[in-house]
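Student: Generate a structure from the sequence data that follows.
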Amino acid sequence: MLARNPILLGLLLFIPLSVSGEFLHWSPLTIFITAGLAIVPLAAWMGTATEEIAVVVGPTLGGLLNATFGNATELIIAIIALRAGLVDVVKASLTGSIIGNLLLVLGLAMLLGGIRFKEQSFQPDAARMNASAMNLAVIAILLPTAAQYTSKGMGESAIQNLSVAVAIVLILVYALSLFFSMKTHAYLYEVGTAELEEVEEETHEKPNLWLWIGVLLAATLLVAVESELLVGSLEEATSSLGLSELFTGVILLPIIGNAAEHATAVTVAMKNKMDLSLSVAMGSSLQIALFVAPVLVITGWIIGQPMDLNFKPFDLVAVAVAVLITNSISSDGKSNWLEGTLLLAAYAILALAFYFHPV
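Tutor: Sure, this is the predicted structure:
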């Protein structure tokens, strides 16, 4: 079980360290690093608890639970940053989560899995459906930006209202995609589901439902606490490191929030379970685009923060590039180490571009 990994258990020590650092007034950089490291094992425990609960409640409710909590850590960090008024950081983290899952995670999975097994296969129909949904997501975040750039009379309130309306459509599409994958066309995803059940059977006995509910609640609470520390120290810490908020949001925050999920995708790929790996990587990007981003738009609208889908043009280019190359590579239902290298190279190029991009 990933959450019982000795390294992750060791990282739990950073929870009291980060909290102590806040009360003892340590430097923002120290608090930022310790809080970031503390979130990694907590995210792993949240993921493990969700999987264990899913085993007890059954595949349908379990699938819904996994879909809801799949990016809970990312959502918590983003909501706290949004509440603090760091809207640009939130948008950057959404961009980074999408390109990170599509290029970094899937690239590592294909590279390491391809080195071990030469060529791996996965269900191409499911990959094409995910690709179509990602194309919709690109269109959804492109149109508000295009609307503003092509109309001088379109104010912030109009962009906000358009974004809220688009967010509602995206959440509806996300709900329908869950119904599609878990009910009407579940057979397209049966391979990945069977692999997940096999992994679960290898790693545990019958789980204790209430114990894991308690673990999920405790981990969620601690993630919220650590996210407060992370966001509170973010501006000063990144300034002392010489990093822009754009680079921090696109590269650092998504890696912190999704580290455990990233490890899962790579680990199962190295066991020749590429369907499951693809499901984790592309599914996470879809959840960010169709659920997390719309929820943040609606949350910002409710709490009075100007969160919308009007992304910077360079962010849109990065997402479009990630979706384009991932769709191209995954369309044939096969992968190898060179395709993984191409995805990683694309991620490295985008990361360098964000590093040197002026704020």
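Student: what distance separates the start and the end of stretch 247-257?
Tutor: By C-alpha to C-alpha, to the nearest Å, the extent of stretch 247-257 from end to end equals 15 Å.
Student: And for that stretch, what's in contact with it?
Tutor: Stretch 247-257 is contacted from outside by 36, 39-40, 43, 71, 73-74, 77, 88-93, 95-97, 99-100, 104, 230, 234, 238, 243, 262, 315, 318, 351, 354-355, 357, using C-beta atoms under 8 Å, 6 or more residues apart in numbering. Using the backbone N, CA and C atoms, a C-beta is placed for each residue, glycine as well.
Student: Buried members of the residues you listed into PyMOL, please.
Tutor: Selection command for PyMOL covering only the buried members of these, criterion 16 or more other C-beta atoms under 10 Å:
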select buried, resi 36+39+40+43+71+73+74+77+88+89+90+91+92+93+95+96+97+99+100+104+230+234+238+262+315+318+351+354
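Student: The contacts of stretch 247-257 in helices, which ones?
Tutor: 36, 39-40, 43, 73-74, 77, 88-93, 95-97, 99, 230, 234, 238, 262, 315, 318, 351, 354-355 (DSSP state H).
Student: just the helices in the stretch 101-250 of the chain please.
Tutor: Taking DSSP state H, counting those that start in this stretch as the criterion, the stretch 101-250 of the chain contains helices spanning 106-117, 124-150, 156-179, 190-203, 209-241, 245-247.
Student: closest to residue 57 out of those helices?
Tutor: For residue 57, the closest of these is helix 209-241, at 7.8 Å, according to C-beta to C-beta.
Student: got the buried residues for that closest one?
Tutor: So for helix 209-241, counting by 16+ other C-beta under 10 Å, buried means 212, 215-216, 219-220, 222-223, 225-235, 237-238.
Student: is it true that residue 289 touches residue 99?
Tutor: No - Residue 289 is beyond contact range of residue 99, at 11.1 Å (criterion: C-beta atoms under 8 Å).
Student: quick one, what contacts residue 71?
Tutor: 97, 257-258, 261, 284, 287-288, 291-292.
Student: what bits of the stretch 101-250 of the chain have low per-residue confidence?
Tutor: Within the stretch 101-250 of the chain, the ranges that satisfy pLDDT under 70 run 153, 187-206.
Student: returning to what we had before: the helices of the stretch 101-250 of the chain into CSV, with extra columns for distance to residue 16?
Tutor: Below are the helices of the stretch 101-250 of the chain laid out as CSV (distance: least, C-beta to C-beta, whole Å):
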stretch, distance to residue 16
helix 106-117, 31
helix 124-150, 39
helix 156-179, 37
helix 190-203, 28
helix 209-241, 11
helix 245-247, 28
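Student: which of those sits most buried?
Tutor: Most buried of the helices of the stretch 101-250 of the chain, by mean neighbour count (mean count of other C-beta atoms under 10 Å): helix 106-117, with a mean of 22.
Student: who does that helix touch, helix- and strand-wise?
Tutor: strand 119-121, helix 253-269, helix 274-287, helix 313-330, strand 334-336, helix 337-356 (3 or more C-beta pairs under 8 Å, 6 or more residues apart in numbering; DSSP states H and E).
Student: and the angle from it to helix 253-269?
Tutor: 20 degrees (axes from the mean of the first three to the mean of the last three C-alpha atoms, to 10 degrees).
Student: which residues are contacting helix 106-117?
Tutor: 120, 262, 265-266, 268-270, 272, 274, 277-278, 281-282, 326, 329-330, 335-344, 346-347.
Student: how many other residues sit next to the closest residue to residue 147 other than its chain neighbours?
Tutor: Nearest in space to residue 147, with sequence neighbours left out and distances taken as C-beta to C-beta, 6 or more residues apart in numbering, is residue 154 at 5.9 Å. Residue 154 has 15 neighbouring residues, counting by other C-beta atoms under 10 Å.
Student: any idea how far residue 78 is from residue 154?
Tutor: The spacing between residue 154 and residue 78, counted by C-beta to C-beta, to the nearest Å, is 25 Å.
Student: As TSV, the contacts of residue 71 with distance to residue 48 and pLDDT would be great.
Tutor: Output for those, formatted as TSV (distance: C-beta to C-beta, whole Å; pLDDT from 0 to 100):
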residue	distance to residue 48	pLDDT
97	20	91
257	16	78
258	15	77
261	11	72
284	16	85
287	18	89
288	21	91
291	21	91
292	20	92
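Student: now, among these, which is nearest to residue 84?
Tutor: residue 257 (16.0 Å).
Student: so which of the helices and strands packed on helix 106-117 gets nearest residue 147?
Tutor: helix 313-330 (12.8 Å).
Student: Tell me how far that closest one lies from the chain's centre.
Tutor: Helix 313-330 sits 16 Å away from the centroid of its parent chain (C-alpha atoms, centre = their mean, to the nearest Å).
Student: Please renumber the chain so that the first residue is 709 from this point on.
Tutor: All right, first residue 709 from here; so that's helix 1021-1038.
Student: who's in contact with it?
Tutor: 799-800, 803, 806-807, 810-811, 814, 818, 830, 832, 835, 838-839, 842-843, 845-846, 849-850, 853, 958, 986, 990, 1019, 1043, 1047, 1050-1051, 1054-1055, 1058, 1061-1062, 1065.
Student: In PDB, could you pull the C-alpha coordinates for it?
Tutor: Extracted in PDB, the C-alpha atoms of helix 1021-1038 (Å, rounded to 0.1, in the frame of the first residue of the first chain):
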ATOM      1  CA  PRO A1021      -2.800  33.200 -23.500                       C
ATOM      2  CA  PHE A1022       0.500  31.400 -22.600                       C
ATOM      3  CA  ASP A1023      -1.300  29.100 -20.200                       C
ATOM      4  CA  LEU A1024      -3.800  28.200 -22.900                       C
ATOM      5  CA  VAL A1025      -0.900  27.500 -25.300                       C
ATOM      6  CA  ALA A1026       0.700  25.200 -22.700                       C
ATOM      7  CA  VAL A1027      -2.600  23.300 -22.100                       C
ATOM      8  CA  ALA A1028      -3.300  23.000 -25.800                       C
ATOM      9  CA  VAL A1029       0.200  21.600 -26.500                       C
ATOM     10  CA  ALA A1030      -0.100  19.100 -23.700                       C
ATOM     11  CA  VAL A1031      -3.500  17.900 -24.900                       C
ATOM     12  CA  LEU A1032      -2.400  17.800 -28.500                       C
ATOM     13  CA  ILE A1033       0.700  15.600 -28.000                       C
ATOM     14  CA  THR A1034      -1.000  13.300 -25.400                       C
ATOM     15  CA  ASN A1035      -3.900  12.700 -27.700                       C
ATOM     16  CA  SER A1036      -1.500  12.000 -30.600                       C
ATOM     17  CA  ILE A1037       0.500   9.500 -28.600                       C
ATOM     18  CA  SER A1038      -2.400   7.700 -26.900                       C
END
